[in-house]
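Asker: Using only what follows, build the 3D model:
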Amino acid sequence: MNIEEFTKNLEAEFEDIEPGTITPTTNYRDIKGWSSMYALIIIAFVDTHFDVALNADDLKSTQTIQDLYQVILTKKKA
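Answerer: Just a heads-up that it's a prediction; the model follows:
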């Protein structure tokens, strides 16, 4: 899955988000309605689609969708 597919698929996980609103450079914490529930959605999405376990530190160390994608790729290679 490339970054564009990742962004589109992740965006689909969030309710009340207009399609095409999120880009790889979007700070995901700035998504309208951001809450800890969205963090859990991200963690579950990544686990399901990449078989990678993200933790709170991973989310704290990233800001954009691109940052998150890079962490996933790094963990996937490890």
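
Asker: Next, the distance between the ends of stretch 7-19.
Answerer: Separation of the first and last residues of stretch 7-19 by C-alpha to C-alpha, to the nearest Å is 10 Å.

Asker: Enumerate every residue touching the closest residue to R29 other than its chain neighbours.
Answerer: Spatial nearest neighbour of R29, chain neighbours left out: Q63 (6.9 Å); criterion: C-beta to C-beta, 6 or more residues apart in numbering. Where you see a C-beta, it was placed from the backbone N, CA and C, and this is true even at glycine. Residues in contact with Q63 (C-beta atoms under 8 Å, 6 or more residues apart in numbering) are 27-29.

Asker: one more time with 10 Å, if that's ok
Answerer: For Q63, the contacting residues are 25-30, by C-beta atoms under 10 Å, 6 or more residues apart in numbering.

Asker: Most neighbours among those residues, which one is it?
Answerer: Ranked by neighbour count (other C-beta atoms under 10 Å), the contacts of Q63 have Y28 at the top, with 21 neighbours.

Asker: That one and G20, how far apart?
Answerer: Relative to G20, Y28 is positioned 15 Å away (C-beta to C-beta, to the nearest Å).

Asker: ditto for K60
Answerer: Counting by C-beta to C-beta, the gap from K60 to G20 is 27 Å.

Asker: likewise Q66?
Answerer: Distance of Q66 to G20, given as C-beta to C-beta: 17 Å.

Asker: what about the two, which has more around it?
Answerer: Between Q66 and G20, counted using other C-beta under 10 Å, Q66 has the larger neighbour count: 16 against 9.

Asker: ok, F14 touching A39?
Answerer: No - judged on C-beta atoms under 10 Å, F14 makes no contact with A39 at a distance of 11.4 Å.
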